[in-house]
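Novice: Below are the sequence and a predicted model; questions follow.
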Amino acid sequence: MRALVWSGPDRLELQERPQRPPGPKEALVRVKAAGISATDLQLMDGRLSIAKPPRVLGNEIAGVVEASPVKEWGGRRVIVDPVTGCGRCAYCKTDRKALCDKGTALGTTGGDGGYAEFVTVPVANLLPLPDSLSFEAGALAWPLDCAMGAFERAQPSATDTVLVFGSGPAGLLFVQLARLRECKLIMLVGGGKAKLAAGPALGATHVWSHENRFLQDLVLSYTSGDGPDLAIETSGADPAVSQAFSWVRKGGRVVLYGLSGSFAKSIPSDTIVTKDLSVVTGGGSPAHGAKALELASAGKVDLAALVTHRFPLEKASEAVAAARDGDVSVKVVLTP
């Protein structure tokens, strides 16, 4: 099979690799769509060290089961949950396998991911993809699952004012979730013309560039000088993390979702204590895969709207360049 192999900084090489046949509880999935995630780009940049080359990246996967000893999965349209766990520990038994000490993730810390024609995965990690959703939309069901976990832990309500930092796919998913919860004000701060332009159509009531020098004044003016009830940081940028804690109202909530790849101290603990803030993440949240697919299938969250570019494996360099350019793209998908 053909596969894109990450072999070093910004190097993706198209290679011929043998297919790994599925074991007794596995499935061979023909990949139809694989999203280029922020994690993939950070790994290629060397900003994250959770995986080392050579490796087939890609943790956002949708496709068709080509073969499996588990007959009921044969030929089915599926999405792949990339996170694997031991299945026996307290985390796995409470549907929080991302925290399993023996857990891994396909395309990063575990086996090869979806930048290939085929990927072999445990059948326990498959979810049926509804016919109403395209494979491209299906590839974004896993990011929606992750965003939902963090969002629900923040206990949002219709009376909340919400500030989302980061206008990439994750930020735009949070915007849609806030719209679905009927939050009364949804402010989006980010960069990239295409990404910012997508905000209003997906539910943002106000959209601003992070370069706007009056940004803090704008946020405070729309929240009666108190700051938002809920600040959601998806970019991983240290300035945005600092602003989230600084601008959220006293007694408010902060969601930390983005990874920076930096181990520098960026959490203002004194601010958290003196403002009595609640802080949540999404990394160890219970899975919401079935609910994510239900929302997307019903049109309540528009995953397809995020996909702006599609590339075959042969055009990997163009795909990565587009994924890095927020002025032209929102979400880039590889279509093996």
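Specialist: Received the coordinates, thanks.
Novice: going forward, measure contacts and count neighbours with C-alpha atoms only.
Specialist: OK.
Novice: The stretch 151-300 of the chain: strands as residue ranges?
Specialist: Per DSSP state E, counting those that start in this stretch, the stretch 151-300 of the chain carries strands over the ranges 161-165, 185-190, 206-209, 230-233, 253-256, 278-281.
Novice: Now do the longest one: which elements does it pack against?
Specialist: So that's strand 185-190. The helices and strands touching strand 185-190, judged by 3 or more CA pairs under 8 Å, 6 or more residues apart in numbering; DSSP states H and E, are strand 161-165, helix 169-180, helix 193-202, strand 206-209.
Novice: Following the chain onward from the longest strand belonging to the chain, which element is next?
Specialist: When the chain is scanned for its longest strand (criterion: DSSP state E), the result is strand 26-35. Using DSSP states H and E, the helix or strand that follows strand 26-35 towards the C-terminus is helix 38-45.
Novice: How about residues contacting the helix or strand that that next one is followed by?
Specialist: Remark: after helix 38-45, the chain's next helix or strand is strand 60-67, criterion DSSP H and E. Contacts made with strand 60-67 from outside it, assessed by CA atoms under 8 Å, 6 or more residues apart in numbering, are listed as 22, 27-37, 73-82, 113-114, 129, 135-136, 138-143.
Novice: of those residues, buried ones?
Specialist: Among these, those classed as buried by 16 or more other CA atoms under 10 Å are 22, 27-37, 73-74, 76-82, 113-114, 129, 135-136, 138-143.
Novice: P130: what's its closest spatial neighbour, skipping adjacent residues?
Specialist: Closest residue to P130 apart from its sequence neighbours, by CA to CA, 6 or more residues apart in numbering: S297 at 6.8 Å.
Novice: again, but for E314
Specialist: Using CA to CA, 6+ apart and skipping residues adjacent in sequence, the residue nearest E314 is L14, 7.0 Å away.
Novice: do G171 as well
Specialist: Spatial nearest neighbour of G171, excluding adjacent residues (CA to CA, 6+ apart): T234 at 5.8 Å.
Novice: Who are the contact partners of that neighbour?
Specialist: V164, F165, G166, A170, G171, L256, Y257, G258, L259.
Novice: now those residues in TSV, with pLDDT and neighbour count?
Specialist: Written out in TSV, the entries for these read as follows (pLDDT from 0 to 100; neighbours: other CA atoms under 10 Å):
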residue	pLDDT	neighbour count
V164	98	28
F165	98	32
G166	97	27
A170	97	26
G171	98	26
L256	96	21
Y257	95	23
G258	91	22
L259	86	17
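Novice: Dump these to a markdown table, plus distance to V301.
Specialist: Formatted as a markdown table, these follow (distance: CA to CA, whole Å):
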| residue | distance to V301 |
| --- | --- |
| V164 | 17 |
| F165 | 19 |
| G166 | 18 |
| A170 | 12 |
| G171 | 13 |
| L256 | 21 |
| Y257 | 19 |
| G258 | 20 |
| L259 | 24 |
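Novice: what's the closest of these to K102?
Specialist: Proximity to K102 was ranked across these by CA to CA; first place goes to L259, at 21.4 Å.
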